[in-house]
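Enquirer: sequence and predicted model, in that order:
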Amino acid sequence: MPSDPVRVTRALLSVSDKTGLVDFARALVTHGVELVSTGGTHRALREAGLPVMEVADVTGSPEMMDGRVKTLHPAIHGGLLAIRCNPEHQAALAAHGIRPIDLLVVNLYPFEAAIAKNCPDDDAIENIDVGGPAMIRAAAKNHTDVAVVTDVGDYAALVEELNARSGVLSLATRRRLAARAFARTAAYDAAIANWLAERAEGSGPSPFRAFGGSLAQALRYGENPHQAASFYRGPGKVRAGVATARQLQGKELSYNNFNDTDAAYECVAEFDPPTAAAVAIIKHANPCGVATGVSLAEAYERALACDPTSAFGGIVALNRSLDAEAARRIVDIFTEVIIAPDASEEAIAIVAAKKNLRLLLAGTVPDPRAPGETVKTLSGGLLVQGRDNAVVDDMALRVVTKRAPSERELADMIFAFRVAKHVKSNAIVYARDGATVGIGAGQMSRVDSSRIAAWKAAEAAARTGAADSLAKGAVVASDAFFPFADGLMAAAEAGATAVIQPGGSMRDAEIIEAANAAGLAMVFTGHRHFRH
């Protein structure tokens, strides 16, 4: 039966992160706890004037192999694993002169931090902790009798409980700490496994996969108020974006803010900052306006013109440092989040006038060509795939119609296909002069997306008093092939002059014939951009 409560009389401390170590150890000593420690931790405690025994004195064996072997010894693991109410275990302790350990305090070698800095492989390997995870797992397994602390953030609560309960810890606390301990070693091992998998030869999926992360923020709720949610940051070098950004002001990000901001920044990252200023406005993870311009302010106004109704309460992502002129335009309407690589002091001050508006500075824009993985949960499992890092600039575009696109049409085709990559399927994007003028997203049939995008373009024209739909003279991008000519003809009827699509339909010949009959120029990319 578990012991409840457990009095802490002996603690083993071995930490890489020494934040708060001395104060925590001093609090333990006030409760009469005997301290045992290793290497640098032992040195830090001794220099602070605390009574502490070295692990080598407990094991009778010196640290060896540059510290690789120090705690892997029965005197340590026996003290952690012995069940206090088991007579055989107690007899073994007595026979071998092993004393129980009631509290283990370990944080691991900083493997995740090392690989985040793109350290040499040898350095990464030296930051793979062996003894630490072994002790953590031993103590957590035996949490009926042993408490294990793996996070410096738990020190204060532990001291508070020891003070309140005269040096003892409850079973509830030990069980909570054990759960955190196993989660920590699982995330740590996942980071190592995935790092090694990137370097391993051979192909094909691994028979086992692990994913881990560290809690970055507890959220008020998830997609809906009845759903619990948290944001976890992945290990290693993280893609620039919401996970790397500094939030300068505004309310806490919600689950939906995180999701939409990520979608917005990934979309705007498709546009090279030195080439043109770009702005993406996102609502419910779909672009409602994307544009390039000479300045961010110009790009924003052109993106907003596509669908200002949907942009209300949206996310604005920029591929360049936010300047004052762009900031003034953006704060004119209700916006949830602005994310940019950086911002001028004047722009920051302008945004600060809107106290609830979140401003995130990510440092840089992510590389759209970078490899990576996406993970989606299913009932009872996970779907894992490589991220869509195909970029239209790298594709061999093939003209399949009698009429080739003009230089202006081709530039707009490339622009529209960049955007279509970030629109939920089925996706149709009308664009002209480096700006979206109509977007159809997430419909069950491609022809419906075509019609919605054309309707959006007509609505945009009506708002400005233009005589013709903005679709007239525009190009159209489709994230996947047209299965029938109806979607293509909807674009032609709206006034589009050129089409870019992956191709690959059984009816490609029929689609090409329809394009020729309508006088459209059409280009095949050979790459599909489904996004569900």
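Expert: In hand now; what should we look at?

Enquirer: count of residues packed around residue 90?
Expert: As a burial measure, residue 90 scores 14 neighbours (other CB atoms under 10 Å). Any C-beta I mention is one placed from the backbone N, CA and C, and that applies to glycine too.

Enquirer: same check, this time on residue 349
Expert: If we define neighbours as other CB under 10 Å, then residue 349 has 12 of them.

Enquirer: residue 249 versus that one, what's the distance?
Expert: Taking CB to CB, to the nearest Å as the measure, residue 349 falls 10 Å from residue 249.

Enquirer: check residue 311 too.
Expert: Distance from residue 311 to residue 249, by CB to CB: 21 Å.

Enquirer: got the contact list for residue 285?
Expert: For residue 285, the contact set (CB atoms under 8 Å, 6 or more residues apart in numbering) comprises 259, 260, 263, 424.

Enquirer: could you dump those to CSV with neighbour count, pLDDT and distance to residue 178?
Expert: Shown next, in CSV, are these (neighbours: other CB atoms under 10 Å; pLDDT from 0 to 100; distance: CB to CB, whole Å):
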residue, neighbour count, pLDDT, distance to residue 178
259, 18, 95, 32
260, 24, 96, 37
263, 25, 96, 37
424, 18, 96, 42
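
Enquirer: which one of these is nearest to residue 357?
Expert: residue 260 (14.2 Å; CB to CB).

Enquirer: so that closest one: helix, strand or coil?
Expert: helix (DSSP: H, G, I helix; E, B strand; the rest coil).

Enquirer: apart from its chain neighbours, what residue comes closest to it?
Expert: residue 315 (4.6 Å; CB to CB, 6 or more residues apart in numbering).

Enquirer: if we can go back for a sec, which of residue 311 and residue 249 has more residues huddled nearby?
Expert: residue 311 (23 against 15).

Enquirer: list the contacts of the residue lying closest to the more buried one once chain neighbours are set aside.
Expert: Among residues not flanking residue 311 along the chain, residue 281 sits closest, at 4.7 Å (CB to CB, 6+ apart). By CB under 8 Å, 6+ apart, the contact list for residue 281 reads 264, 287-290, 300, 303-304, 306, 311, 314-317.

Enquirer: now with 6 Å?
Expert: 288, 289, 303, 311, 314, 316 (CB atoms under 6 Å, 6 or more residues apart in numbering).

Enquirer: quick check: the gap between residue 287 and residue 167.
Expert: From residue 287 to residue 167 the distance is 59 Å (CB to CB).

Enquirer: of those two, give the one with the bigger neighbour count.
Expert: The residue with more neighbours, out of residue 287 and residue 167, is residue 287; 30 against 18, by other CB under 10 Å.

Enquirer: hey, what's that one bridged with?
Expert: residue 282 (DSSP bridges).

Enquirer: one step back: nearest to residue 159, of the contacts of residue 285?
Expert: residue 259 (37.7 Å).

Enquirer: so how far is the helix or strand harbouring residue 92 from its chain's centroid?
Expert: If you go by DSSP states H and E, residue 92 is part of helix 87-96. Here helix 87-96 is found 48 Å from its chain centre; the criterion is CA atoms, centre = their mean, to the nearest Å.

Enquirer: what comes up buried for it?
Expert: If you call a residue buried by 16 or more other CB atoms under 10 Å, then helix 87-96 has these buried ones: 89, 93.

Enquirer: contact partners of the helix or strand just after it?
Expert: Counting by DSSP H and E, the next helix or strand C-terminal to helix 87-96 is strand 103-107. Residues outside strand 103-107 that contact it (CB under 6 Å, 6+ apart) are 8, 11-17, 132, 135-136, 139, 147-150.
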